[in-house]
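# for reference, the sequence and a predicted model appear below.
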Amino acid sequence: MDPAHSLLEALQRPQAAPALRDLDRAGGLTLLIPELEAGRGFIQPERHYYDVLDHNLAAVAAIDAVLGEGEDGEEFLRHLGWFDVRMSLDGEIEGTPLRALVRLACLLHDVAKPHTATRGDDGRLKFPRHGPRGGELMAERLPALGFGPASTRLVSALIRYHLRPGELVKSWPPTDRAVRRFVNDLEGHVLPLLLVNLADGMATRGPGYTRENFRRHCGFLNYILARSWAVAGEDDPGLITGDDLQAELDLESGRLLGAVLTSVRRAQLEGLVSGREEALQMARVALASLKAGDGQPGLAPE
């Protein structure tokens, strides 16, 4: 099997991390992405449980858990109950599932740490601008693996900005201007970036990452997603309203109506619907999907 095909196949599995470790043991992973090899055995500062390469692989395991059916996945969906997470991640970019591209970004998010490592005046190891440098490295590497320009641009941006949510904390609460810049820099791909940020946090402490750490992180990301959603729609009126959904779909005001409206709004912002009738059809699809998940927003089956 072609090594690049093996990589893509591994990334599309619900449990991608074990498949990637198998690929690494066979020598295929760093053959495809040589920049990862420098992270093998590269010890990080004290709060990091893993070396750089194992940390990157642990981030994939973390995102497997968050996107899966277990406790982490269920709790993540509960925190973002107003937002249809699964429908938002169901798309493809240039034929590659968005979930696979998010996993790829997790695998590569710290690829440039060994290349940017330096010691500060205090003797502590630091990795200045490892996100931007990693984005640059992978913007060159990914096309050689068969990824198209849009896929490459997304993954490179997720690597470049994976620490950006933490920067929003420095001046709390973040201003609308800061959130708007955040959304624009990501070209609207806020949820994928927040997933990479969450996986990075989970993989940093390894077994020391507690359930309370996870809850707090999810709560923070929920806030950032909600703020991002609000500023993204400021200058773009919706194609349909809650009143339209109540009249056309016989929906009552409440959480389910809000989830359907959110799904349609997302589709509008992504350019998937452009008129009222298309928006209503999208609403019907979203409603059916949500009802299939027992009516709980964000729990539609994959």
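Great, that's in hand.

# so who does A16 touch?
A10, V60, I63, D64, A100, R103 (CB atoms under 8 Å, 6 or more residues apart in numbering). Every C-beta, even on glycine, is put in place using the N, C-alpha and C of the backbone.

# so which strand or helix has the last one?
For R103, the element it lies in under DSSP states H and E is helix 98-108.

# tell me which residues of stretch 39-54 come out buried.
G39, F42, Q44, H48, Y49, Y50, D51, V52, L53, D54 (16 or more other CB atoms under 10 Å).

# ranges for the helices of the stretch 101-250 of the chain?
With DSSP state H, counting those that start in this stretch as the criterion, the stretch 101-250 of the chain has helices at 113-116, 130-141, 149-160, 164-168, 176-185, 190-205, 211-232, 242-248.

# of these, which is nearest I93?
helix 149-160 (5.0 Å; CB to CB).

# what mean pLDDT does the strand or helix carrying G73 get?
Assigned by DSSP H and E, G73 falls within helix 71-79. Across helix 71-79, pLDDT averages out at 93.

# next one: stretch 289-301
Stretch 289-301 comes out at a mean pLDDT of 44.

# how about the most centrally placed residue in the chain, nearest residue that isn't a chain neighbour?
Among the residues of the chain, the one closest to the centroid is P192, at 2.2 Å (CA atoms, centre = their mean). Spatial nearest neighbour of P192, excluding adjacent residues (CB to CB, 6 or more residues apart in numbering): V102 at 4.9 Å.

# the one you found and V231, how far apart?
To V231, V102 is 22 Å away according to CB to CB, to the nearest Å.

# returning to what we had before: okay if I get the helices of the stretch 101-250 of the chain as JSON lines plus distance to S88 and mean pLDDT?
Output for the helices of the stretch 101-250 of the chain, formatted as JSON lines (distance: least, CB to CB, whole Å; pLDDT from 0 to 100):
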{"stretch": "helix 113-116", "distance to S88": "29", "mean pLDDT": "96"}
{"stretch": "helix 130-141", "distance to S88": "22", "mean pLDDT": "97"}
{"stretch": "helix 149-160", "distance to S88": "14", "mean pLDDT": "97"}
{"stretch": "helix 164-168", "distance to S88": "17", "mean pLDDT": "89"}
{"stretch": "helix 176-185", "distance to S88": "14", "mean pLDDT": "87"}
{"stretch": "helix 190-205", "distance to S88": "6", "mean pLDDT": "96"}
{"stretch": "helix 211-232", "distance to S88": "10", "mean pLDDT": "86"}
{"stretch": "helix 242-248", "distance to S88": "19", "mean pLDDT": "86"}
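
# nearest to M87, of these?
Among the helices of the stretch 101-250 of the chain, helix 190-205 sits nearest to M87 (CB to CB), with 10.7 Å.

# which helices and strands does the closest one pack with?
Helices and strands touching helix 190-205, by 3 or more CB pairs under 8 Å, 6 or more residues apart in numbering; DSSP states H and E, are helix 52-66, helix 98-108, helix 149-160, helix 164-168, helix 211-232.

# how about the closest residue to R160 other than its chain neighbours, what does it touch?
Leaving aside its sequence neighbours, R160 sits nearest to G135 (CB to CB, 6+ apart; 3.3 Å). If you count contacts by CB under 8 Å, 6+ apart, G135 has them with S156, A157, I159, R160, Y161.
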